[in-house]
Structure formats: structure tokens, C-alpha cells
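> Sequence and predicted structure below; questions after.
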Amino acid sequence: MPDKLNQVLQAIDAVNATDPNLDPDGTQMVPEAQLYGQRMSAELDRLFGDEVSDVLKIAVRGQHIERWKISRSDYPEGRAGYLTWRRDQGRAHGERLAGLMVDAGYDAESCARVGVLLRKEGIKRDPEVQMLEDVICMVFLKFYFAAFAEKHPFEKVVDIVAKTARKLSDGARSRVLAEFDLPEDLELAVRAA
């Protein structure tokens with residue numbers, strides 16, 4: 001791992017280690033954002049190997065950097081409020097990561113590019129944005145979907161699975177069907193998307 005990249009990834013982990021929200025990881029509780037970032041990096045490596053750009057590796061690891069600082073409860077209920085919150089999160093995460101990248105010696109173009117990835121500009125058209133989205137969706141399904149599904153009516157779960165499947169590349173969608181043991185209704189939602 002190049003020194004600049006390692007410096008940024010370590011800085012992301014250090015920032016995310018201060019997340020007051022904790023998640024279980026085996027037998028211990030760990031900062032939620034830090035665990036999420038590490039899961040994201042592991043999934044990027046699993047799906048695409050190590051032959052991806054530093055900027056994508058940084059975007060993947062820092063996708064939720066300081067996520068707890070912008071509370072969803074500060075935005076209106078409903079889809080419009082949710083989308084505004086997500087947009088503001090993406091912008092804040094991009095700016096925070098760009099600052100860490102500048103500190104490590106990355107150029108202005110790389111710093112701007114990380115923001116493009118985190119704002120998901122060009123999904124389905126930009127290969128790196130799509131790779132980031134595939135990683136996000138796979139991590140959600142692998143680690144967070146079961147808890148989400150327990151809290152929501154089945155119809156909403158099917159809707160979320162369909163929306164998630166539409167965001168995936170064809171290759172990632174095929175992997176979901178091969179790697180996850182989905183109930184028949186959810187598998188049909190993935191196939192339909």
C-alpha cells in the first residue's frame with residue numbers, strides 16, 4: 001500500500017474511531033463508522049481485487065466518515081428529507097476526505113474526484129462510481145439487511161431490495177443471486193430489477 005494511501009486510510013479510521021455509535025463485531029462493541037469503513041474496504045478487495053485506484057479505495061473506506069455529525073432527525077420526514085440528508089452527507093464526506101487527502105499529498109484532481117464518487121455522480125456511467133455503489137449494496141445486504149428487514153413490513157423490504165438491485169451492476173446483481181440465500185419473493189425482486 002503506498003504511503004499516501006496508507007496515511008489517508010489510517011486517518012479515516014482514526015476519525016471514525018471517535019463515532020459515539022457502537023455496533024457489535026463478534027464479541028465486542030466497536031465504533032459504527034469505523035467498522036463500516038473496514039467492511040467496505042474488505043468487500044472492495046473481495047469484489048474487485050487490489051487493482052483499483054487510490055481514490056476509489058479512499059472513497060470506499062471513508063464513505064461514512066463522521067456520518068454521525070449530520071443527524072437524519074434534523075431533516076424532514078419522508079423521501080425528500082431523506083434525499084436532502086443523503087446529499088448533504090455525500091458533500092460533507094467528500095469535503096472531509098479531500099482535506100485528509102491534501103494532508104497526505106494528493107493533487108487537487110484526486111481530491112475533487114473523491115467527491116464525485118461520494119456524491120454518486122455518474123452512477124451506471126462511471127465505472128468507479130458503479131464499483132462504489134456495488135460495494136455499498138453488497139455490504140448492506142451482507143451485514144445490515146437482516147436487521148433492517150426485521151424492523152419493516154415485508155412489502156417495504158421487497159421495495160428496498162428491488163431499489164438496491166436496480167443500483168447494482170449486472171455482475172453484482174448476479175453475485176447477489178449466487179451468494180445470498182434470499183427468500184423467493186426477495187429473489188424475484190432482485191431478478192425483476
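Great, that's in hand. Residues are numbered from 1 along each chain as shown.
> Helices of the chain, residue ranges please.
3-16, 32-48, 54-61, 78-104, 108-118, 127-139, 145-151, 154-167, 170-179, 184-192 (DSSP state H).
> Can you check which of those helices gets nearest to residue 68?
helix 32-48 (6.8 Å; Cβ to Cβ). Bear in mind the C-beta positions are built from the backbone N, C-alpha and C, glycine included.
> and the residue nearest to the spatial centre of the chain, what is it in contact with?
Nearest residue to the geometric centre of the chain (Cα atoms, centre = their mean): residue 136, 3.7 Å. Residue 136 makes contact with 40, 63, according to Cβ atoms under 8 Å, 6 or more residues apart in numbering.
> highest average neighbour count across the helices of the chain?
helix 54-61 (a mean of 24; mean count of other Cβ atoms under 10 Å).
> what's that one packed up against?
Helix 54-61 sits against helix 3-16, helix 32-48, helix 78-104, helix 108-118, helix 127-139, with contacts defined as 3 or more Cβ pairs under 8 Å, 6 or more residues apart in numbering; DSSP states H and E.
> out of these, which comes closest to residue 148?
With Cβ to Cβ, the closest approach to residue 148 among the helices and strands packed on helix 54-61 belongs to helix 127-139: 12.4 Å.
> For the closest one, what is the distance to the chain centroid?
Computed by Cα atoms, centre = their mean, to the nearest Å, the chain-centroid distance of helix 127-139 equals 7 Å.
> next one: stretch 122-135
That offset, for stretch 122-135, works out to 11 Å (Cα atoms, centre = their mean).
> now swap in stretch 175-187 and tell me
From the chain centre to the centre of stretch 175-187 is a distance of 20 Å (Cα atoms, centre = their mean).
> again, but for stretch 146-159
Distance, centroid of stretch 146-159 to centroid of chain: 19 Å (Cα atoms, centre = their mean).
> and if you look at stretch 82-93?
Remark: stretch 82-93 is offset 13 Å from the chain centroid, using Cα atoms, centre = their mean.
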